[in-house]
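J.: the sequence and its predicted three-dimensional model are supplied below.
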Amino acid sequence: MTERKNIAIMGAGLVGSLLSLYLAKRGHKVDLYERRPDLRKNTLDGGRSINLALSDRGWRALRGIGIEEDVRKVAIPMHGRMMHDEQGNLTFQPYGKEGQSIYSVSRSGLNAALMNLSEPNPDITYHFSRQATDVNLRTNEVQLLNLETGNPENIQPDLLFGADGAFSVVRGAMQKTERFNYAQSYLEYGYKELSIPPTAAGGWAIEKNALHIWPRGKYMMIALPNIDGSFTCTLFFPYDGEQSFAAIKNEADLMAFFTEVFPDAVSLMPTLAQDYFSNPIGSLVTVKCFPWSYEGKSLLIGDACHAVVPFYGQGMNAGFEDITVLDQMLDSFEGDDWEALFEAFERRRKPNADAIADLAVMNFIEMRDKVADPRFLLRKKIEARISQQFPDKWIPLYSMVTFTDLPYSYALETGQQQDKIMKKVMKHIQSIEDYDKPEVQRLLEKQLVQKEKLKKYNAAMEV
Ligand SMILES: Cc1cc2nc3c(=O)[nH]c(=O)nc-3n(C[C@H](O)[C@H](O)[C@H](O)COP(=O)(O)OP(=O)(O)OC[C@H]3O[C@@H](n4cnc5c(N)ncnc54)[C@H](O)[C@@H]3O)c2cc1C
Ligand SMILES: NC(=O)C1=CN([C@@H]2O[C@H](COP(=O)(O)OP(=O)(O)OC[C@H]3O[C@@H](n4cnc5c(N)ncnc54)[C@H](OP(=O)(O)O)[C@@H]3O)[C@@H](O)[C@H]2O)C=CC1
Ligand SMILES: Nc1ccccc1C(=O)C[C@H](N)C(=O)O
């Protein structure tokens with residue numbers, strides 16, 4: 001057991017709130033400082049990012065503090081993608097094998113559940129309406145603004161965790177230190193949240209157990225189900241251009257556009273104009289930085305050190321996995337060398353954070369464009385057959401990311417090798433039946449042997 005520390009976490013979002021439970025479990029005293037008021041007392045969601053897709057990495061972290069079962073009760077399984085074309089025709093693509101799903105959960109519901117878990121714990125204290133405004137990394141002093149009184153406050157914890165999201169103030173302080181690498185990159189797209197209400201009977205107006213996609217090449221809309229029967233839709237759309245946020249100036253423009261490109265959705269969206277003109281446009285940014293810690297006194301975690309665009313549905317899952325990994329490292333941590341611990345943590349996580357950032361950008365093109373292509377869907381079916389036939393040699397990229405805890409960097413690299421094989425295989429495929437052709441089987445066996453050899457070679461080089 002290491003010495004009990006006074007720990008401050010900036011940001012009581014999903015990652016900060018979960019982290020507090022893990023740290024308190026190890027006997028530390030934890031104070032969380034959150035810019036927003038207590039969301040449990042506020043029924044408004046702020047109109048942004050209302051639900052999230054939770055998958056295996058996230059579930060694992062929730063299991064670690066015993067909240068998995070409670071969350072499952074309010075999580076809606078989405079077994080696959082449901083594509084809507086411009087005529088309203090539907091195509092379904094499963095995410096994985098039978099029984100593998102991603103889960104739609106309410107962001108505020110999950111955040112509140114994590115907060116409630118700490119209620120009986122005397123070692124965890126939430127301080128709401130406290131905005132971190134500046135951090136002195138050398139002394140670990142944090143300046144806060146009490147947004148209720150308008151007064152400044154000061155704290156000086158033993159350890160400081162920056163879980164303050166994509167626009168982190170703690171990271172901002174690190175950016176001013178020497179040799180700190182930082183890169184941010186915005187997409188030319190923004191997002192706007194819209195909604196499909198429950199039916200009059202209180203049910204779901206479209207298939208409940210799917211993630212709906214209206215792929216339109218350069219842009220798309222998606223919808224995730226909520227437990228009250230509604231769907232939260234998100235339009236991912238260019239800021240500028242012929243079809244863009246800038247081009248939709250009034251209700252007539254909006255209705256004409258939606259009726260033309262999302263005809264089956266528009267009839268289910270009675271509050272479309274109101275939602276569209278009152279909800280903000282969110283920006284989409286990737287943040288990469290290094291290091292994530294400063295002199296063993298402060299550490300960034302979650303979006304604060306690796307904000308990714310949302311297209312893989314992995315941002316929160318990756319942040320939760322940070323906690324699982326840190327907790328594993330704390331298992332064998334003795335003494336007081338937090339600097340060594342933080343450095344080992346950031347070295348281990350950084351390649352994986354970079355990989356999921358890149359995978360997320362790639363998945364945008366898949367979702368908005370490729371899923372509308374019958375050949376792409378055929379390729380997915382063929383890949384599922386390969387994985388079925390060679391389960392120990394082939395896990396599809398999407399499954400590695402979503403349904404395993406294999407490192408994201410391994411998934412990305414293996415996915416690239418598999419992509420090359422698939423391109424060769426698909427030259428012989430016109431229909432799913434072609435999978436059994438002898439030349440396809442021969443090609444696959446040859447390619448899989450080569451892939452195994454490459455894997456062994458790479459493993460040997462790493463030793
Ligand atoms: C549209 C959209 C859809 C998404 N969908 C998914 C999904 O399906 N699955 C998934 O896994 N991920 C998804 N994500 C990503 C996910 O939202 C983030 O990865 C996740 O919220 C990160 O958690 P966090 O706790 O690190 O940061 P946040 O959730 O941003 O929490 C940071 C907290 O810090 C507080 N804060 C900020 N600045 C300060 C300050 N100066 N002082 C004090 N407090 C501060 C904020 O108020 C906030 O409560 C999505 C993101 C977006 C934008
Ligand atoms: N990777 C990505 O593309 C994105 C990731 N996210 C993640 O999801 C979390 C929750 O989302 P949400 O509830 O919508 O968070 P918010 O939109 O409320 O953003 C949280 C904070 O970030 C500030 N902010 C928002 N956009 C920008 C910007 N473009 N440049 C600088 N500061 C900005 C907001 O400032 P103000 O109060 O002035 O608006 C606010 O202080 C975010 O905190 C973030 O971690 C969110 C959006 C995009
Ligand atoms: N939650 C999201 C939010 C925004 C955009 C995509 C998602 C997804 O989850 C996509 C899903 N993983 C998919 O590949 O179909």
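T.: Sure thing, it's come through. This is a predicted model, so every value here is computed, not measured. Numbers count the residues shown, from 1 in each chain. Ligands and ions are numbered 1, 2, ... in the order given.
J.: from here on, just use CA atoms for contacts and neighbour counts.
T.: OK.
J.: how many residues are close by the nearest residue to Phe231 once chain neighbours are set aside?
T.: Closest residue to Phe231 apart from its sequence neighbours, by CA to CA, 6 or more residues apart in numbering: Pro225 at 4.4 Å. Using other CA atoms under 10 Å as the criterion, Pro225 is surrounded by 32 other residues.
J.: same check, this time on Pro270
T.: Residues within reach of Pro270, counting by other CA under 10 Å, total 13.
J.: confirm it sits in a helix?
T.: No. Counting by DSSP: H, G, I helix; E, B strand; the rest coil, Pro270 is not part of a helix but coil.
J.: now what about stretch 249-267, what contacts it?
T.: By CA atoms under 8 Å, 6 or more residues apart in numbering, the residues outside stretch 249-267 that reach it are 86-88, 214, 216, 247-248, 272-273.
J.: chain center to it, what's the gap?
T.: A distance of 29 Å separates the C-alpha centroid of stretch 249-267 from that of its chain, computed with CA atoms, centre = their mean, to the nearest Å.
J.: okay, buried residues for that stretch please.
T.: Using 16 or more other CA atoms under 10 Å as the burial criterion, the residues of stretch 249-267 that qualify are 254, 257, 261-266.
J.: as TSV, these with secondary structure and pLDDT would be great.
T.: Below are the buried residues of stretch 249-267 laid out as TSV (DSSP: H, G, I helix; E, B strand; the rest coil; pLDDT from 0 to 100):
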residue	secondary structure	pLDDT
Leu254	helix	98
Phe257	helix	98
Val261	helix	98
Phe262	coil	98
Pro263	helix	97
Asp264	helix	98
Ala265	helix	98
Val266	helix	97
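J.: identify the farthest-apart pair in the residues you listed.
T.: Leu254 and Asp264 (15.0 Å; CA to CA).
J.: near ligand 1, which residues of the stretch 1-150 of the chain are found?
T.: Taking CA under 6 Å from any ligand atom as the contact definition, the stretch 1-150 of the chain meets ligand 1 at 10-16, 33-36, 49, 52-54, 130-133.
J.: whichever of those end up buried, select them in ChimeraX.
T.: The following ChimeraX command selects only the buried members of those, with burial defined by 16+ other CA under 10 Å:
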select :10,11,12,13,14,15,16,33,34,35,49,52,53,54,130,131,132,133
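J.: just the residues of the stretch 1-150 of the chain next to ligand 1: which are in helices?
T.: Restricting these to those inside helices, with DSSP state H as the criterion, leaves 14-16.
J.: list the helices and strands the helix or strand of the chain with the lowest mean pLDDT packs on?
T.: Evaluated with mean pLDDT, DSSP states H and E, the helix-and-strand set of the chain has its lowest mean pLDDT in helix 438-462, which scores a mean of 84. Using 3 or more CA pairs under 8 Å, 6 or more residues apart in numbering; DSSP states H and E as the contact criterion, the secondary-structure elements in contact with helix 438-462 are helix 408-426.
J.: how near is the residue nearest to Ser244 when sequence neighbours are not counted to Ala357?
T.: Spatial nearest neighbour of Ser244, chain neighbours left out: Pro238 (4.9 Å); criterion: CA to CA, 6+ apart. The span separating Pro238 from Ala357 equals 20 Å under the rule CA to CA, to the nearest Å.
J.: these two: which has the busier surroundings?
T.: It is Ala357, of Pro238 and Ala357, that has more neighbours when counted by other CA under 10 Å, with 25 against 20.
J.: can I take it that Ile222 is in a strand?
T.: Yes. The assignment for Ile222 by three-state DSSP puts it in a strand.
J.: how many other residues sit next to it?
T.: Using other CA under 10 Å as the criterion, Ile222 is surrounded by 23 other residues.
J.: tell me if I'm right that it and Thr234 touch.
T.: Yes. Checked against CA atoms under 8 Å, the pair Ile222 and Thr234 is within contact range at 5.3 Å.
J.: list the pairing partners of the lengthiest strand in the chain within its sheet, with orientation.
T.: In the chain, taking DSSP state E as the definition, the longest strand is strand 181-196. Applying DSSP bridges, strand 181-196 is found paired with strand 231-238 (antiparallel), strand 282-290 (antiparallel).
J.: could I get those strands as JSON lines with mean pLDDT and distance to Gly313?
T.: Listed next are the strands paired with strand 181-196 as JSON lines, based on pLDDT from 0 to 100; distance: least, CA to CA, whole Å:
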{"stretch": "strand 231-238", "mean pLDDT": "98", "distance to Gly313": "13"}
{"stretch": "strand 282-290", "mean pLDDT": "97", "distance to Gly313": "13"}
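J.: export those to a markdown table and tack on distance to ligand 1?
T.: Rendered in a markdown table, the data for the strands paired with strand 181-196 read as follows (distance: least, CA to the nearest ligand atom, whole Å):
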| stretch | distance to ligand 1 |
| --- | --- |
| strand 231-238 | 7 |
| strand 282-290 | 7 |
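J.: which of the ones you listed is buried the deepest?
T.: Mean neighbour counts were taken over these using mean count of other CA atoms under 10 Å, and the top value, a mean of 22, falls to strand 231-238.
J.: closest one to Thr149 among the strands paired with strand 181-196?
T.: Across the strands paired with strand 181-196, Thr149 has its closest neighbour in strand 282-290 (29.1 Å, CA to CA).
J.: quick one: closest of the strands paired with strand 181-196 to Pro391.
T.: Across the strands paired with strand 181-196, the minimum distance to Pro391, taken as CA to CA, is reached by strand 282-290, at 33.4 Å.
J.: ok, Leu235 - contacts?
T.: Under the criterion of CA under 8 Å, 6+ apart, the contact list for Leu235 reads 191-194, 219-222.
J.: who's in contact with the longest strand of the chain?
T.: Contact with strand 181-196 is made by 47-49, 175, 205, 230-240, 268-272, 275-276, 279-291, as judged by CA under 8 Å, 6+ apart.
J.: how far does that strand sit from the chain's center?
T.: Its chain's average C-alpha position is 13 Å from that of strand 181-196, according to CA atoms, centre = their mean.
J.: stretch 453-460 now?
T.: 30 Å.
J.: tell me which element Arg138 falls in.
T.: Arg138 is located outside every helix and strand, with elements delineated by DSSP states H and E.
J.: that one: neighbour count?
T.: Here the count is done by other CA under 10 Å, and Arg138 has 10 residues near it.
J.: Ser129 touches Leu147, doesn't it?
T.: Yes. Ser129 is in contact with Leu147 according to CA under 8 Å; the separation is 5.1 Å.
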